[in-house]
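Asker: Structure for this input, please:
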Amino acid sequence: MKTSTESNRFVRGHGSVTVTTRKGRTVRIRHIRPTDAALLVDLFHHLSPETRRFRFFTALPDLPDDILWREARRYADFNERKQAAFIALAREGGKDCAIGVVRLVLDKNDPDTAEFAIVLRDDYQREGLGTMMLDLLIQLALVRGIKRLRGISLADNEGIHRLIQKCGFPVESHTSHGETTQIIHLE
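Answerer: This next block holds a predicted model:
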């Protein structure tokens, strides 16, 4: 018999899905692994100041290596009982490069709700990849019985607002103090 904690466990998968963007580029999406910290550091270095501002709510400068690596390891090696994440990879120069990440974190006060976030490298935005990654995250949430996904973004981040509005589920939206909270209702 599964306990409620076990039923909310997000197991890291070993498979991947290969997708083609609107520009015809091939991207592989898989569960993030604890060994992906270097990919996350490289992804951070390839984000524009505007994309950093939209994702982290501030235009983070290049951070000192020790801080950047510590955060990258934390984002790559997380508690699978409370979080899940997918990484999008493209082959560049004969190696895999991270071009995007989407993740969810269970709300500790409401196990039916998870907060999600997404970031894509600037040169891969507006190609449909965000839609594909959000769709995979929604599928994972549905399988795990999550009823609501909450995204919090800057009010001027029109790209994420459009992405969420076209997800195919009812969306509730509220803006206050420069931030927009959007709830995707999955039930």
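Asker: Helices of this protein, residue ranges please.
Answerer: Assigned by DSSP state H, the chain shows helices spanning 4-7, 37-45, 49-56, 65-76, 129-143, 158-165.
Asker: can I get these in TSV with distance to Leu149, mean pLDDT and mean neighbour count?
Answerer: For every residue, glycine as well, the C-beta is placed using N, CA and C. Below are the helices of the chain laid out as TSV (distance: least, CB to CB, whole Å; pLDDT from 0 to 100; neighbours: other CB atoms under 10 Å):
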stretch	distance to Leu149	mean pLDDT	mean neighbour count
helix 4-7	18	46	9
helix 37-45	22	92	19
helix 49-56	17	81	16
helix 65-76	19	84	15
helix 129-143	6	94	19
helix 158-165	9	92	16
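Asker: how about those, which one is nearest Ile183?
Answerer: Checking those against Ile183 by CB to CB gives helix 158-165 as the closest, at 9.3 Å.
Asker: what angle do that closest one and helix 129-143 make?
Answerer: Relative orientation of helix 158-165 versus helix 129-143 (axes from the mean of the first three to the mean of the last three CA atoms, to 10 degrees): 40 degrees.
Asker: Next, count neighbours for His31.
Answerer: Using other CB atoms under 10 Å, His31 has 19 neighbouring residues.
Asker: picking up where we left off before, looking at the helices of the chain, which is nearest to Phe116?
Answerer: Of all the helices of the chain, helix 129-143 comes closest under CB to CB, at 6.0 Å.
Asker: Right, I'll call it a day here.
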